[in-house]
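J.: Structure for the following, please:
(chains A and B)
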Amino acid sequence: MARSGSRSNKKKRGSWRWLALILLAALTVAAVYLLYLDSEVTRQFEGRRWTLPARVYAAPQELYVGLPLPVAQIEEELRRLQYRSSDDPSHPGEYRRRGSSIAVTLRAARFADEERAALSLTLDADEQGITSMRGAQGQELPIARLEPLLIGSVFPIHGEDRIILTPADVPPLLPRALKAVEDRNFDTHHGVDFLAIARALWADVRAGGIAQGGSTLTQQLVKSYFLDSRQTLGRKLKEAVMAIALERRFSKADIMTAYLNEIFLGQDGSRAVHGFGLASQFYFGKPIGELDIAETALLVGLARGPSYYDPRHQPARALARRNLVLKEMVSQQVVSAEEARKAAARPLGVVTRASGSYYPAYLDFVRRALRRDYKDQDLTEAGLRIFTSLDPRAQQLAEKTLESELSRQDKTHKLKVGQQPLEGAVVVTAPQSGEVIAIVGGRRVDYSGFNRALDATRPMGSLVKPFIYLTALESGQFNASTIVQDEPVEIELSRRRVWRPENFTKQSNGPVPLVRALAESLNLATVHVGVQIGLPKVADTLQRFGLTRKPQEVPALLLGALDVTPLQAAQLYNSLANGGFRTPLRAVRAVLGADGKPLKAFPLEVTPVAPADAVYQLQRMMLQVMQHGTGRPAYSILPSNLTVAGKSGTSSDLRDSWFAGFSGNHVVVAWMGYDDNRSTGLTGSAGALPVWTRVMAGLGTTSWSAPVPEGVKEVSMEYASGLAAEPNCGQDVITVAVPASVQLPVKSGCGLDRVIERAGEWLRDIIH
Amino acid sequence: MLPRELKSTRPTRFLAVALGIAALTACQSFTGPLPPQPKSHQPASAPHSQTQAPSTAPVPQPVPLPPPERKAFRLSAASSALVSQAHTQAGGGNPAAAAATLERALRIEPSNPLLWIELGRLRLNEKNAAQADSMGRKALALATGDPNAQAAAWRLIAESLRARGRNDEAGAAQQKADALLAAPLADEEAAPVVPYTEEVLGVAI
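T.: I've put the predicted structure just below:
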C-alpha cells in the first residue's frame, strides 16, 4: 500500500512537476511573446517614418498695384483658398470685403523662393484692377502674394497620404473633442479602459450585437499600425497587450500626436486620407488651425467610420454624427451648450471637389518633367514640394470651354453605337517665360487616361505655314506684299508619282500678296513659296523653333504632313509669340525637399532663333489671319480692340482641327479630333477656333504688341492687291510690316497728292 | 502697350522732317510715276498715318520718318521692390533665389527690357555667359526707342561676348552701346541720358 501509496504519491508529484514545467514553459512562451509584441509595437511607433508623397502647388496669385484683376475676382481667389469672411479679419485665413476694398490676413506660406509669415494687408480695387495696397501699419505695400493652391500629390497606387502635424500645429480643441467622444479616460488609463469595455459590452448585450467598441485611442492606434480590422478575440487581446506596452514606454502626448497623424479619415479615389492635417484640407480646404467647432466635431466623428459617415456621400448621417459629437463635447465640458447649439445649426461646410480639381493632365506633365531627375520613389515617398506654373483660373477656363464646345459638336455629329466620341486638347502658355499655365488632355478632365495634349501626335496641317512664311521672309526674297501665284502645281515625287496639292476650296486665286496667302491658308501659293525657298530651310526653321526631331523633307511637309502633339505645337508657337526667342516650355519652377531646402530649380532660358525683323513681319501677317482670314470668326466673341495673332490647321480628310495663336501674354493651342483618326468633318475654323476664341476671351489677356524692330517699317496696303494705299484711299487697307528698303507699288489714285497733303498738315501743326 | 514711357515731341526735328518731305515731294512732282490726282478733302486723320504717310511715297530714296517715339523704361513699383529683393538675395550669396525673384518680376512685366538686363547680369555673374548674351538680345528687342536701355543691353551683350573670348564681337557691341549714349540728343526735352551703370542697375559685378 505504502509502496503503492508512495508510488501514487510519486506519480502525483510527477504530474505536478509536469504541470509546473508546462506552466513554466507556457509562461516563458507568453513572456517571450509579450516581449515580442512589446518590441514589435515599439519598433512600429518609433520607427514610423511616414512616406510622404510629393505635393504639387499651383502658381501663387500675385497682388500688386496695377494687377488687372477686378475686386470680385480677387475675392474669388481668396475663396478658392478657403479664406472666410469676417468682420475683424485679424486671423490668418480671414478677410473682409467692403465694396471695392478688401482687408485680409494672408496665411503664413512656403513659396518656392522664400518662407513668408502671416501678413495683414488692405487693398482697393476697381473694375480694372488693384489701385492701392497697404500693410498693417498703413505703409504702402508694393507686392504680396497669396499662398499657392495645393493641386495634388504624387502618390503610389493605393497610397496613404497625409500632412504631418507637430504638437504645435494641433488646435487644443481637437484632442479634447477626441477624448470626449472616443476615450474619456485617456489621460489616466494604462492603454486599456476596462470600464469602457464593460460599458460597451453592456451596450452590446442590450443592442444584441457588437455596436460599441470601447477601444482606447491607444488601442485604435495599435490597430491602425497593423492594418487588420478582423474583430476576433485573439486580435483584441493582442491589441490590448500592445496598447499597454505602448503606454508603458511613451508619453500620452506622443501617443496623441501619433494618433492624430495616423488615423484613416477618408478615401479619395485611390488615395487614402490619413491624419487630421490632411483631412482638414480634404474636407474643408484649409489648415487645421482654422477649423471651427462644427468642423472639428465633424472630423472627430469621422474617426469611427470615414466611409459610413462620409459627409460628401452621406451628408445626413454625417450631420447626425457631428451633432452627436457636439453633444458629447458638451457633456464632457469641452464646449458650452451655447457654443454647441450654434455649431449644430451650421451646415456641414464641406468643400465640393470640383471635377478636375486634380488636373491630371497637368500633373502628368509635371511628373514627366521630374522623371528625368527623380526616381518614382523620391516622388511618392520623400515629401518633396513641387512648385508649378499652373494657373487654376486658366486651367478651369480651358477645361470648361473644351467640354462645352465638344458637347456642342456632339449635338451636330450623331455618334453611331460603339463609336468613340469627339475628343480635344488645349494647351495654354505664357510666351515670354515659356511657362505652361494650363493643359487639358481630353473631355473627361477628371480622368487620368490618355493625355492627348502630350501624347496625341497628329498631322499639324496648316499650323506649319507660319514657319514656311517666316523662312521666306528671312530669305529676303519675300515680304508681306510680294505677289505669289496661287495656281495649280505639280511636283514629281518619283518617276511614277506626281503630287498635285489642292486648295481647300478646290479653286485657285491667281496672283495674291503673301499676307493673303497666309491669312486664307492658300495651299497652292504656299507650295510655290515653299518650293522656292527649299524644304531643308523650312525643316531647319521648325527645328530652331523647338521641334526636337528632324522633319521629313517631303513636299507634303509644306501642307503640314508633320505629326506633332498639341504641346509641341505650343512650343513652336511660343517661340513665334516670343519674338523669335525659343524658351523651353516648363511647368515646374522649383522643387523643395521635405526640410524646405531647394533641391532643384528650372530657370528661365531664352535662345534667339530668328531675326527679330522677320518675326515681326510674320506676326503682323498673322494678325491678318484674324482680321481677314480663317481666324476671322474669333472677333464675333473677342472684343475688337484685342489684337491677337493666330493660324488655323486642318489635316487631310478633316481628321484634325487645330487652332494656334497668341495675344500679348498668352499662347493658346486647341485641337479636336477622334482617337481612331476618322474624319471630324471640321476645319480648324469650325472645331478648334471656337475653343481657342473662348479661352482667349476668358483669360483676361492683353493685346499683342511689339516694338517695330530696326530695319522694318509699317505700311498700309490693300489686302487683295498688295498695293500701297492709305485707309481712306484704297479698299480693305491693312497694316503690314516690310523691310525699310522696300517700296510698295502704290495704288493708282493713292499717290503723291496724299503725301503733299500730309506734309502740309505737318507744317500747319508746327506753325500753330 | 508700355505703361511707363516718356515722349519727347522735339518740334525742331518735326520741322526739319516736314520741310524735307515738302522738298522731296516738290521734286517728285516733276518725275513722279503717277498722274496728278484730284485732291481729296477728307481729313487725313487715320490712326496709322504718322508712320505710313511717308512710306507710301514712291520715292527712290527713303523718306525721313517722323522722329521715332522716344521712351524711357522704368520699373513698376512691384518690379522695383522685387529687383531690390533680388539684389539682396544675390548679395547674400543666393543667386538662385535672386533669379527666382527676378522671374517673378518678369511675370508681371515681361516686356520690360530692364528686367531682362537684370536677369542677364545675374547670369553673367554666375558665369553663364551664353544665357547672359541671350537675355541681352531679348532686352534689346524690347528696348526699341529707349537709347539708355538699348545701350545697357549692348553693354551686357559686350560683356557676355568678352567672357567667352569673342573680343572682336564684344568690341563692336561696346561701340554700339557707346554710340547710343553719345547720340546727339541735344534738345532739352529729350530724356536725360543716364547710362545704366552697374550702380543704377545695382547688380554687383
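J.: what comes up buried for the host helix or strand of residue A:468?
T.: Secondary structure from DSSP states H and E places residue A:468 in helix A:465-475. Residues of helix A:465-475 classed as buried: A:465, A:466, A:467, A:468, A:469, A:470, A:471, A:472, A:473, A:474 (neighbour count, 16 or more other Cβ atoms under 10 Å in any protein chain shown). (C-beta placed from N, C-alpha, C; glycine too.)
J.: Could you do stretch A:345-365 as well?
T.: Neighbour counts using 16+ other Cβ under 10 Å place A:348-351, A:356-365 of stretch A:345-365 among the buried residues.
J.: which stretches of chain B have low pLDDT?
T.: Along chain B, segments meeting pLDDT under 70 span B:1-69, B:183-205.
J.: ok, now with 50
T.: Scanning chain B for pLDDT under 50 picks out B:1-64, B:186-205.
J.: re earlier: so for the helix holding residue A:468, mean pLDDT?
T.: What helix A:465-475 shows for mean pLDDT is 98.
J.: phi, psi of the residue in the stretch 251-400 of chain A positioned nearest to chain B?
T.: Nearest residue of the stretch 251-400 of chain A to chain B: residue A:389, at 8.7 Å (Cβ to the nearest Cβ). Recorded main-chain torsions at residue A:389 are phi -100, psi 10, according to degrees, to the nearest 10.
J.: Please tell me the pLDDT value assigned to it.
T.: On the pLDDT scale, residue A:389 is placed at 97.
J.: Show me the helices in chain B, by range?
T.: Along chain B, counting by DSSP state H, helices occupy B:11-31, B:49-55, B:77-91, B:95-108, B:113-125, B:129-142, B:147-163, B:167-182, B:198-201.
J.: quick one, the fourth one and helix B:113-125 angle?
T.: It refers to helix B:95-108. With axes from the mean of the first three to the mean of the last three Cα atoms, to 10 degrees defining the directions, helix B:95-108 sits at 160 degrees from helix B:113-125.
J.: quick one: helix B:95-108 near chain A?
T.: Yes: with Cβ under 8 Å from any Cβ of the partner chain as the measure, helix B:95-108 is seen reaching chain A through B:96, B:97, B:99, B:100, B:101, B:103, B:104, B:106, B:107, B:108.
J.: what sits against the nearest residue to the fourth one once chain neighbours are set aside?
T.: Residue nearest to residue B:100 in three dimensions, not counting chain neighbours: residue A:113, with 3.9 Å by Cβ to Cβ, 6 or more residues apart in numbering or on different chains. With Cβ atoms under 8 Å, 6 or more residues apart in numbering or on different chains as the criterion, the residues that contact residue A:113 are A:590, A:598, B:97, B:100, B:101, B:104.
J.: Then residue A:382?
T.: Applying Cβ under 8 Å, 6+ apart, we find residue A:382 in contact with A:52, A:54, A:593, A:594.
J.: Give me the buried subset of those.
T.: Neighbour counting by 16+ other Cβ under 10 Å classes A:52, A:54 among these as buried.
J.: now, which of the contacts of residue A:382 lie within strands?
T.: Counted as lying in strands by DSSP state E, out of those, are residue A:54.
J.: What is the nearest of the contacts of residue A:382 to residue A:729?
T.: Comparing the contacts of residue A:382 against residue A:729 with Cβ to Cβ places residue A:54 closest, at 63.1 Å.
J.: how much space between the closest one and chain B?
T.: 19 Å (Cβ to the nearest Cβ, to the nearest Å).
J.: Check residue A:124 too.
T.: 15 Å.
J.: and that residue, which of the three is it?
T.: strand (DSSP: H, G, I helix; E, B strand; the rest coil).
J.: still on that earlier bit, isn't there a helix covering the residue nearest to residue B:100?
T.: No: looking at residue A:113 with three-state DSSP, it is coil, so not inside a helix.
J.: Looking at it now. What's its pLDDT?
T.: pLDDT recorded at residue A:113 is 87.
J.: unless I'm mixing things up, residue B:137 is touching residue B:157, no?
T.: Yes: between residue B:137 and residue B:157 there is a contact under Cβ atoms under 8 Å: 6.5 Å.
J.: Those two - which one has more neighbours?
T.: Taking other Cβ atoms under 10 Å in any protein chain shown, residue B:137 and residue B:157 do not tie; residue B:157 has more neighbours (27 against 24).
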